[in-house]
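[1] This is the structure alone, sequence omitted:
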């Protein structure tokens, strides 16, 4: 769907007229500042103000930001922080860095953004680490099954200075990418319309034998096979039809991805299996970062930190108030309006899944990939080290209560 179709209250003709006057990035950044519907006149005034601020001085660096399928409207559903990062970086550097934001799959998609960053076509990208793992296999390090007990543990790890040593440095050394920040959710199985008239899933065994779409993560497939979930590679753009027509039973992804990608009309149950990461991250070309002056490098890191704190709070709120991923489910949310039922499995069912597929209980399943990732990280035990850090906070801690830290400073 084109970007102008997502900006409520503004016609295609008016959107492109405004973008033609003030530029696409200024128009998108302006649209992203609105919390709801807007008029063409409001958007034009905001775009003009944004343009004047952004072009008040000549930029030393213009960075091209490929934001896969994101735009100002769906970034209010899944709060991945891409526009907030761009806006803050421009402001923080007083215009020395200008960000050209290109979303809606206009320059790259979920599978290709990482490679186009590595090739130098774009400078920054936003996509899931799981889809990006095809071009940057070290990102699989986040996808050991049940390594993270909850979203709080995910945020805690990303804020930890240890994440620099375990995640960020090996990624930069091996793949030339600087991991900046990420949204945090845990993946479950999103059942299609063939499950619409079936009771809400309460037992893990009800999912056994189902056929489910899998992303680019190699480790995710290990977990799905161990859980008898029959992983099938299906392109993201074909997943909608597959769920609608019953060609697949479900798809492994997370709640806000269902909502932002307009999958809710073809999803009947959101089964909160929590079996591995759903992390919509933003990374930057390490060589581009290294080419910046020291004060601009510091600005990039501070803007990444600010975006991480924003995402931590905003996505937790959006999950409940916008997506409808809660019990009880709030009315007028995307899930409520599309009759998507949340299936929050009991602790004993999650434990059963963990015992079936996690490295702690089934180490042989993960041995090859664990050895590979450990070698890439310089010989450390990647699973055990992340597992231990993830348990430094209580399993039931509210994600919004995790203390933010500047991870690059010990």
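    Good, I have the coordinates. Please read all numbers here as calculations on a predicted model, not as lab measurements.
[2] Next one: the closest residue to residue 201 other than its chain neighbours from residue 323, what distance?
    Excluding its sequence neighbours, the residue lying closest to residue 201 (Cβ to Cβ, 6 or more residues apart in numbering) is residue 343, at 4.4 Å. C-beta here means a position set from N, CA and C on the backbone, and glycine is covered the same way. Look at residue 343 and residue 323: by Cβ to Cβ, to the nearest Å, they are 15 Å apart.
[3] Give me the residue ranges of the stretch 251-400 of the chain where confidence is low.
    By pLDDT under 70, the stretch 251-400 of the chain has no low-scoring segment.
[4] In terms of neighbours, single out the busier of residue 343 and residue 323.
    Taking other Cβ atoms under 10 Å, residue 343 and residue 323 do not tie; residue 323 has more neighbours (29 against 22).
[5] Quick check: the more buried one touching residue 335?
    Yes: at 6.0 Å, residue 323 counts as touching residue 335 under the criterion of Cβ atoms under 8 Å.
[6] shared neighbours of these two, anything?
    When contacts are counted by Cβ atoms under 8 Å, 6 or more residues apart in numbering, residue 323 and residue 335 are jointly contacted by 255, 258-259.
[7] now the strands for the stretch 251-400 of the chain?
    Assigned by DSSP state E, counting those that start in this stretch, the stretch 251-400 of the chain shows strands spanning 267-271, 277-278, 280-285, 341-343.
[8] separation between residue 10 and residue 42?
    Plainly put, residue 10 is 9 Å away from residue 42 if you go by Cβ to Cβ.
[9] Ok, residue 375 next?
    With Cβ to Cβ as the criterion, residue 375 and residue 42 are 54 Å apart.
[10] neighbour-wise, which of those two wins?
    For residue 375 versus residue 42, neighbours defined as other Cβ under 10 Å are more numerous around residue 42 (15 against 12).
[11] so which helix or strand takes in the more buried one?
    In this structure, residue 42 is located in helix 40-54 according to DSSP states H and E.
[12] Now the element after that helix, going C-ward?
    Per DSSP H and E, the first helix or strand lying C-terminal to helix 40-54 is strand 61-66.
[13] Pull the residues that contact stretch 110-121.
    64, 66-69, 107-108, 122-128, 131-132, 134-136, 175-177, 216, 236, 283-285, 287.
[14] Now that we have these, which of them are buried?
    Buried members of these, scored by 16 or more other Cβ atoms under 10 Å, are 64, 66-69, 107-108, 122-128, 131-132, 134-136, 175-177, 216, 236, 283-285.
[15] And stretch 133-149, end to end?
    The straight-line separation of the ends of stretch 133-149 (Cα to Cα, to the nearest Å) is 22 Å.
[16] what do you get for stretch 336-344?
    15 Å.
[17] Only the buried residues of that stretch, if you could.
    So stretch 336-344, judged by 16+ other Cβ under 10 Å, has buried residues 338, 340-344.
[18] so what are the domain limits for this structure?
    Annotated domains of the chain cover 3-136+173-183+280-303, 186-277+321-401 [automatic domain parsing].
[19] Would you check how far apart the residue nearest to residue 263 when sequence neighbours are not counted and residue 80 are?
    Once flanking residues are discounted, residue 263 sits nearest to residue 240: 6.1 Å by Cβ to Cβ, 6+ apart. For residue 240, the distance to residue 80 (Cβ to Cβ) stands at 20 Å.
[20] got the buried residues for the top helix by length along the chain?
    In the chain, taking DSSP state H as the definition, the longest helix is helix 294-318. Applying a neighbour-count criterion of 16+ other Cβ under 10 Å, one finds 296, 299-301, 303-312, 314-316, 318 buried in helix 294-318.
[21] Check the gap between the closest residue to residue 393 other than its chain neighbours and residue 256 for me.
    Distance criterion Cβ to Cβ, 6+ apart; nearest residue to residue 393, sequence neighbours excluded, is residue 156 at 4.8 Å. The spacing between residue 156 and residue 256, counted by Cβ to Cβ, is 20 Å.
[22] same question, residue 265
    Residue 265 sits 16 Å away from residue 256, taking Cβ to Cβ as the criterion.
[23] more neighbours, those two?
    A side-by-side neighbour count of residue 265 and residue 256, using other Cβ under 10 Å, places residue 256 first with 24 against 16.
[24] check contacts around the more buried one.
    With contacts defined as Cβ under 8 Å, 6+ apart, residue 256 is in contact with 77-79, 183, 185, 315, 318-319, 323, 325.
[25] Give me the buried subset of those residues.
    Buried residues within these, counting neighbours by 16+ other Cβ under 10 Å: 77-79, 183, 185, 315, 318-319, 323, 325.
[26] and stretch 332-342, how far apart are its ends?
    15 Å.
[27] Sticking with residue 99, tell me its helix or strand.
    Taking DSSP H and E as the definition, residue 99 sits inside strand 97-102.
[28] what is the mean pLDDT for that strand?
    Averaged across strand 97-102, the pLDDT comes to 95.
[29] Which neighbouring elements make contact with it?
    Counting contacts by 3 or more Cβ pairs under 8 Å, 6 or more residues apart in numbering; DSSP states H and E, strand 97-102 is packed against helix 24-32, strand 61-66, helix 82-92, helix 294-318.
[30] Which parts of the third one count as buried, going by neighbours?
    Going back to what we said before, that points to helix 82-92. Across helix 82-92, burial judged by 16+ other Cβ under 10 Å covers 82-90, 92.
[31] how about those in a markdown table, adding distance to residue 101 and pLDDT?
    Shown next, in a markdown table, are the buried residues of helix 82-92 (distance: Cβ to Cβ, whole Å; pLDDT from 0 to 100):
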| residue | distance to residue 101 | pLDDT |
| --- | --- | --- |
| 82 | 7 | 96 |
| 83 | 7 | 94 |
| 84 | 11 | 95 |
| 85 | 10 | 97 |
| 86 | 5 | 95 |
| 87 | 9 | 92 |
| 88 | 13 | 94 |
| 89 | 11 | 96 |
| 90 | 10 | 93 |
| 92 | 16 | 95 |
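[32] which residues sit in contact with the residue nearest to residue 263?
    262-263, 266.
[33] Determine the angle, from 0 to 180 degrees, between the helix or strand containing it and strand 267-271.
    Assigned by DSSP H and E, residue 240 belongs to helix 236-245. Orientation of helix 236-245 against strand 267-271 (axes from the mean of the first three to the mean of the last three Cα atoms, to 10 degrees) gives an angle of 100 degrees.
[34] Having no further points to raise, I will conclude here.
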